[in-house]
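S.K.: Quick one, fold the following:
(chains A and B)
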Amino acid sequence: MELLYILCVPILAAAGSLIPGARILAPGITLISSMSVLILSFQTALRVTTTKEVIAIPDWIACDSFGALILVLVALVGFAAAIFSWGYIDKIRETRDGIIVRPYYALFNLFLASMLAVPLLSQVALVWIAVELTTLLSVFLVSFASTPEALEAAWKYVVLTCMGASIALLGILMLYWGMMSVDSHEPFTWAGLTMASSKMSPALLDTAFFFILIGFGAKVGLVPLHTWLPDAHSQAPSPICALLSGVETTVVLYAIMRLSPLFPGISGASTGMWLVIFGLVSTGAAALLLIQAKDYKRLFAFSTVEHMGIILVAVGVGGYGAHFGAMLQIVGHSLAKALCFFAAGMTLLVTGNRDIGSIRGLIRTSPMAGFFLIVGGLGIAGAPPLAIFLSELSILKAGLASGRYLVTGLLALFIVIAFSGILFKINHMVFGKPTMTLKTNLPATCVVAVIIVTLPVILFGVYIPGTVYDLLRLAAYSIGR
Amino acid sequence: MFDPATITVMLVKLNALAGGLFLLTAFGLVATRQVFACLRIYVGQALLLAFSAILLGVLYGSVHLFFVAAITLAVKCILIPRTLRRTVGQDIYARREISQTLNVPMSLLIAVAIAFVAYAVAAPLLTISTGPNASINLPIGIAGLFLGAYTVTVRREAIPQLLGILAMENGAFFAGVAIAPDLSLIAELAAAFDVLIIALVMGLQTRKIYKYIGTTAVGEMTSLREE
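M.R.: Here you go, the predicted structure:
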């Protein structure tokens, strides 16, 4: 039952946020709704660790370990973003007229609902629709500021991701065709597909996979289809950036990773090769592009492309070790990226400047923004002992263990380039002689939100609680075969 | 008078005709300059998709495909043109695209090459084909998909780009009616609804761009790029 509630609550909250009334109403409803979704998700995840799968409607709505992992991440980042929005959007409204708050929260809730739907839906065709809805519901959030840049970013975003979605649609229809052609009477769900896949023609499977990888890859930000990503992820309001970069990409990546059990021995198959190639190219290109980023939000956006690449490589390398690393990387990246964008949003509030070069000594001007920016930078770059360090290490270890020395070597090189690129820029911004004066004080809600995502980033680096470990382990098993 | 075999052959041939015309409309979208004419071509393409769905519905004896045809007609031939006119406004419709990224003969040549590529992609899959219909609809559907993508890249105006995306989706479904005739109805309905939302969202976005920037030549917006 809780799965149905998880889907219904944000939709109701979206309707509720549109009710005209006190200024506190819309953010308040959003906050309560996202908190209840978070509690329900935790409950689901707990049940999944004992029962393997929670089923609401058989063959339609269910949640297994991998789904639960994504669900909790979306709910957690969504909750933090709802808190962050409260103070942040209020501050923005003070500085600019014509900003209407109610539609923002309505769309925020709907966007959250669409992302929560992806891991909960079992039918592959419906997952496609949910993925497409995540784009369509977030377009107006990206163009929220209505500046020429934001409008351009939103247009690129919707055009490229919708193109990708059509391509993925054909891939999914092909998978269905394959299932019918082997007279499978399984329903068209992830599980049914996995069951039928051993009988399906390899040529068809490969082509369908390629279409889906390209199609959804456009939304994940794989190079060379990434061009919209730094624009959209830098122009949107910061809480939305945290959702877009932290969980939306992850949710789509989940849909791609779900296909991996269709290809037994993925590392040897051509699909594994494609994953590794796309992953490495994305990681490498993003690492080089983020070195020359001048806007710190773009810097973090490129780092998203880099991390998506790393996760794809891990899935392509295959094996339990790499899959476990990929799962941990997904968790670490979602939370650390949300932290980064929250910190970037705070920096933008206190400085009013997006340019890396003209910000110095942030830690003196605004100790809070400076501190979280440096923690976020360390967290996302993968400095020990934070969560991403652990996951990157286990992916590299698994790569070496499977004898893929060239792949692992290149991956390590790109990670190091990105590491130094990010930290060099953050260091420049945070330390040194202050150049600017404080423009405004930070709202308390922003600080609360950033603390919520900072705690697990630090904690998971040194200690993974038993339940979380079980969930990661089960999820890693579920995408292997 | 007509024995079933003759009727079947006739229907297959009619479907092939629909396929040929479908491909033609995909080319038309690449080359047409008038925004309004583009919309008409898109509606024609959707009609052909519905026509093919009906033919295949008769051939496969599947009531399901009749529903698909009905949904397609309702959403793509009636609701989408209406939504666009409502959201975008007449003045943008009447527009003529002054310059495309490539001139028309050149882009048509490339479009022909793309159609061949689509056939090459489809050919290996047709070995598991279940009849003559998939071998018409799959390559033409893939070609429609690719040509739609190409339309988006060469066009600069917002509405033709949007129609290119919708045409891609048409292409995917043109293949879909032949290869996945009994996909669950909920998925079909949701997909049609989804297309409508694409039209609505991008239409509103176009109007917003027109309001704040004063142009709909989205291809010329280049303030965001790497230095």
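S.K.: Flag every buried residue along the biggest helix by length in chain A.
M.R.: In chain A, assigned by DSSP state H, the helix with the most residues is helix A:148-181. By neighbour count with 16 or more other CB atoms under 10 Å in any protein chain shown, helix A:148-181 contains the buried residues A:148, A:150-181. Quick note: C-beta positions are derived from backbone N, CA and C, even for glycine.
S.K.: which residues of the stretch 1-150 of chain A score low on pLDDT?
M.R.: The model of the stretch 1-150 of chain A has pLDDT under 70 over residues A:97-99.
S.K.: can you pull out the strands in it?
M.R.: For the stretch 1-150 of chain A, the strands defined by DSSP state E, counting those that start in this stretch cover A:53-57, A:61-64.
S.K.: quick one on the thing from earlier: touching chain B at all, the longest helix of chain A?
M.R.: Yes: against chain B, helix A:148-181 shows contacts by CB under 8 Å from any CB of the partner chain at A:148-149, A:151-156, A:158-159, A:162-163, A:166-167, A:169-170, A:173-174, A:176-178, A:180-181.
S.K.: contacting residues around stretch B:106-123?
M.R.: With CB atoms under 8 Å, 6 or more residues apart in numbering or on different chains as the contact definition, stretch B:106-123 has outside contacts at A:207, B:23, B:26-27, B:30-31, B:100-102, B:138-140, B:142-143, B:145-147, B:150, B:154.
S.K.: If any of the residues you listed are buried, give me the ChimeraX selection for them.
M.R.: Selection of buried members from these for ChimeraX, criterion 16+ other CB under 10 Å:
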select /A:207 /B:23,26,27,30,31,100,138,139,140,142,143,145,146,147,150,154
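S.K.: The contacts of stretch B:106-123 in strands, which ones?
M.R.: Assignment to strands by DSSP state E places none of the contacts of stretch B:106-123 there.
S.K.: For stretch B:210-217, output the C-alpha coordinates as PDB.
M.R.: Coordinates of each C-alpha in stretch B:210-217 appear next as PDB, following Å, rounded to 0.1, in the frame of the first residue of the first chain:
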ATOM      1  CA  TYR B 210       8.800  35.000 -27.900                       C
ATOM      2  CA  LYS B 211       7.600  37.200 -25.000                       C
ATOM      3  CA  TYR B 212      11.000  37.500 -23.300                       C
ATOM      4  CA  ILE B 213      13.400  37.400 -26.200                       C
ATOM      5  CA  GLY B 214      11.300  38.500 -29.100                       C
ATOM      6  CA  THR B 215      12.200  35.800 -31.500                       C
ATOM      7  CA  THR B 216      11.200  32.200 -32.200                       C
ATOM      8  CA  ALA B 217      14.400  31.400 -34.100                       C
END
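S.K.: do it and chain A meet at all?
M.R.: Yes: among the residues of stretch B:210-217, B:212, B:213 lie within reach of chain A under CB under 8 Å from any CB.
S.K.: Could you tell me the end-to-end distance of stretch A:236-246?
M.R.: Distance across stretch A:236-246, first residue to last, is 13 Å (CA to CA, to the nearest Å).
S.K.: what ranges do the helices span in the stretch 51-200 of chain A?
M.R.: A:65-95, A:101-120, A:124-142, A:148-181, A:190-197 (DSSP state H, counting those that start in this stretch).
S.K.: so of the strands of the stretch 1-150 of chain A, which one's packed in deepest?
M.R.: Compared across the strands of the stretch 1-150 of chain A, strand A:61-64 shows the largest average neighbour count, a mean of 21 (mean count of other CB atoms under 10 Å in any protein chain shown).
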